[in-house]
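Colleague: coordinates only, no sequence provided:
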C-alpha cells in the first residue's frame, strides 16, 4: 500500500534565457499580484481546495503492511475517506525513533483527527493530546486517558476462547500452542482466551489437550521479543511443532509470518492468525494451512469514530470490541472447513451465544 508523501510545493525551473517581452509580462504580473488582496482560503498542493476535515494516522514500528492492526486501521481510515469525503494520510514508522516525531508531524498538519496504532505510541499520544487539546486523537490497542483521546480496544479473549476450543477439537496430537511478540496486555489477552478455550474443551469432552507456550497462572510464556523478525517466528514455531503441537496461534504481528512458513513446511500443522483474516491477508501460499483467525474489527471501529468526529459527537469513552457488538470474532475455516466436524462447529456457535448472553464469562488480567 503506498505511503503518501508530504507535499512540498516546488519552485518552477528558471528558463536559460528570457525574451524582453516575456520579462515585461512577468514584471507586470508580479506587480498586480503584489497589489491584490490575499485569498481567504489557501489552496492545497496540486491546486485543489483544502478539504473541510482531514485525518492522519501514525503506525507503530511494524510499518503499514504488517498484516495486522496497522494495516486494518489504515483500511478503516481509507474507508472513512471514501464514505465521508474526508482527506486522510498515513505516516509510517519503521523504528521506535520515528514514533514521537511522526505524531508531532501529524499534529502539525493542522488536521482535525490523529489515529495512532499500538502501545508503543501511548506516551507520544498522551503528550501530544495534552499539548493540543483542540485536536482529537484515537489510539488502537491501548488506553490513554484524556478528554480528547478515544481508546479503541478489543476483548480478544472472547474470540480466542472460541479459537482455543476449535484448536483442541481438531488437534490430532493432543497438543496446541501459542506464543507472543512481547508480554503486553494486548498480546496476552489473546493467549489467556486461547488456553481457557482449550481448558473448556477438555472439561466438556474429558480430554487432556495441552496448550504449550503460555502459563496462564504465571502470566508468562514464550515470546520472541519483537514484532518484526520473521526468522524468530519461524524458529519459535519449529520448536513448538517439535514438541508435538499441531495448531499454532502466533500473536506477534509480522513475526507470525515466520510461524506460517514453519507450519507450511511441517506438512502436519495448521495456523490460527490474529487481528484480520489471515486467509485473505497472508500470501496465497499459506491459505491451505490457515484454520481460522481471531478477528478484531478495527476498520469499522475507525470509520464509526471518525464519523462521530465529523458529526461533532466525538467522545473519549473507550470503544471496546466484543462478540456481542461484532468487534471481535473468529473467521471462516475456509480451505480447512472439512477438518472441522459439524458437531464441533455447532459447539463453537453455542459457546459464542453463551458468551454473548453472559452465561460464560471469559476473564483475563488484561481484559479491557
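Modeller: Great, that's in hand. Just so it is clear, the structure is predicted and the values come from calculations on it, not from any experiment.

Colleague: where in the protein is pLDDT low?
Modeller: For the chain, the stretches with pLDDT under 70 are 1-51.

Colleague: repeat the analysis, applying 80 as the threshold.
Modeller: Counting by pLDDT under 80, the ranges of the chain that qualify are 1-51, 61-63, 65-68.

Colleague: what's the neighbour count on the closest residue in space to residue 210 that isn't next to it in sequence?
Modeller: With CB to CB, 6 or more residues apart in numbering as the criterion, residue 210 has its nearest non-adjacent residue at 4.8 Å, and that residue is residue 175. Placement of C-beta: from N, CA and C, glycine included. Applying other CB atoms under 10 Å, we find 20 residues neighbouring residue 175.

Colleague: distance check, residue 175 against residue 243.
Modeller: As judged by CB to CB, to the nearest Å, residue 175 and residue 243 stand 7 Å apart.

Colleague: got it, and residue 148?
Modeller: Separation of residue 148 from residue 243 (CB to CB): 48 Å.

Colleague: and for residue 212?
Modeller: 6 Å.

Colleague: settle it for me: which of the two has more neighbours?
Modeller: residue 212 (20 against 13).

Colleague: wait, the more buried one sits on residue 171?
Modeller: No: taking contacts as CB atoms under 8 Å, residue 212 lies outside contact range of residue 171: 11.2 Å.

Colleague: can you show me the strands along the protein?
Modeller: Ranges of strands in the chain, per DSSP state E, are 54-58, 87-91, 113-117, 136-140, 149-154, 175-180, 210-212, 214-215, 220-221, 247-251, 270-275, 290-296, 319-321, 328-330.

Colleague: out of these, deepest packed?
Modeller: strand 247-251 (a mean of 31; mean count of other CB atoms under 10 Å).

Colleague: helices or strands up against that one?
Modeller: Packing contacts for strand 247-251, counted by 3 or more CB pairs under 8 Å, 6 or more residues apart in numbering; DSSP states H and E, involve helix 156-170, strand 175-180, helix 185-205, helix 230-242, helix 256-266, strand 270-275.

Colleague: now find how far off-centre that strand is within its chain.
Modeller: Counting by CA atoms, centre = their mean, to the nearest Å, strand 247-251 is centred 17 Å from the centre of its parent chain.

Colleague: mind listing the strands it pairs with, and their directions?
Modeller: If you go by DSSP bridges, strand 247-251 pairs up with strand 175-180 (parallel), strand 270-275 (parallel).

Colleague: closest to residue 282 out of these?
Modeller: Closest of these to residue 282 is strand 270-275, at 6.8 Å (criterion: CB to CB).
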